[in-house]
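>>> Sequence first, predicted coordinates after that:
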Amino acid sequence: MAIEHDYFGIIATEPGGGVYWSDNIDVGEQSVSISLSAPDEDDIPADALDLAAAMILALEGFDLRSREAMLSEVDDRTSEVTEYIIQAVEELGESLPDVLVDESGDRDVDVIRSMTLLSVGFAPHQHNGDEAFAIFEYSLDADQLDGVLMVAYTSDGEVTGVTSED
């Protein structure tokens, strides 16, 4: 079977019943990998696909909100955002200025502003809940750093947290 949607087109069902769709879209000057997956086609309400499509169409605004969420955590010296920035600065060393898009004098702001949105993953089966409906994944320099920061959103468009992953 398959699901048909105005934005996503035909989303094929995999042999185990799960669904997966992906594409790359341009956001500003960067190409972002977008994916949508669910373990079972029957768990995806139609309005969840509409919501995912709306979030994709408003990706620049969600990107800004994600960066604001990261920035709100830099005052907490034990936050994963702060730890990511410290680790990235240490790993990049003298090449840090090469990856910064602007140097304002506030290292934390400069790092967050310079991060690249790599991908956005949607879990439409987690619609209308507290679980992550969308995960935005960022890196300061994906070629040189292993770690990423991830900003999670509920289906209501609320940020639920910022985490890091190696």
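Cool, the structure landed.
>>> Let me know the pLDDT of the residue nearest to the spatial centre of the chain.
In the chain, the centroid-proximal residue (CA atoms, centre = their mean) is residue 136; its distance is 0.7 Å. Looking at residue 136, its pLDDT reads 98.
>>> Quick check, it in contact with residue 153.
Yes - using CB atoms under 8 Å, residue 136 is in contact with residue 153, at 7.3 Å. Just so you know, the C-beta spots here come from the backbone N, C-alpha and C atoms, and that holds for glycine as well.
>>> Let me see the ranges of the helices in this protein.
Assignment of helices within the chain using DSSP state H yields the ranges 46-57, 59-71, 80-92, 96-99, 107-114.
>>> Same list (those) but as CSV, adding distance to residue 159, mean neighbour count and mean pLDDT.
As requested, these are exported to CSV (distance: least, CB to CB, whole Å; neighbours: other CB atoms under 10 Å; pLDDT from 0 to 100):
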stretch, distance to residue 159, mean neighbour count, mean pLDDT
helix 46-57, 13, 17, 94
helix 59-71, 5, 18, 96
helix 80-92, 12, 18, 94
helix 96-99, 25, 14, 91
helix 107-114, 14, 18, 94
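>>> Compile these into a markdown table and extend it with columns for distance to residue 17.
Below are the helices of the chain laid out as a markdown table (distance: least, CB to CB, whole Å):
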| stretch | distance to residue 17 |
| --- | --- |
| helix 46-57 | 17 |
| helix 59-71 | 29 |
| helix 80-92 | 34 |
| helix 96-99 | 42 |
| helix 107-114 | 39 |
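>>> so which of those helices gets nearest residue 144?
helix 80-92 (6.4 Å; CB to CB).
>>> Give me the contacts around that closest one.
Identification of contacts with helix 80-92 by CB atoms under 8 Å, 6 or more residues apart in numbering yields 70, 73-74, 76, 96, 99, 107-108, 111-112, 140-141, 144-145, 147, 149, 162-164.
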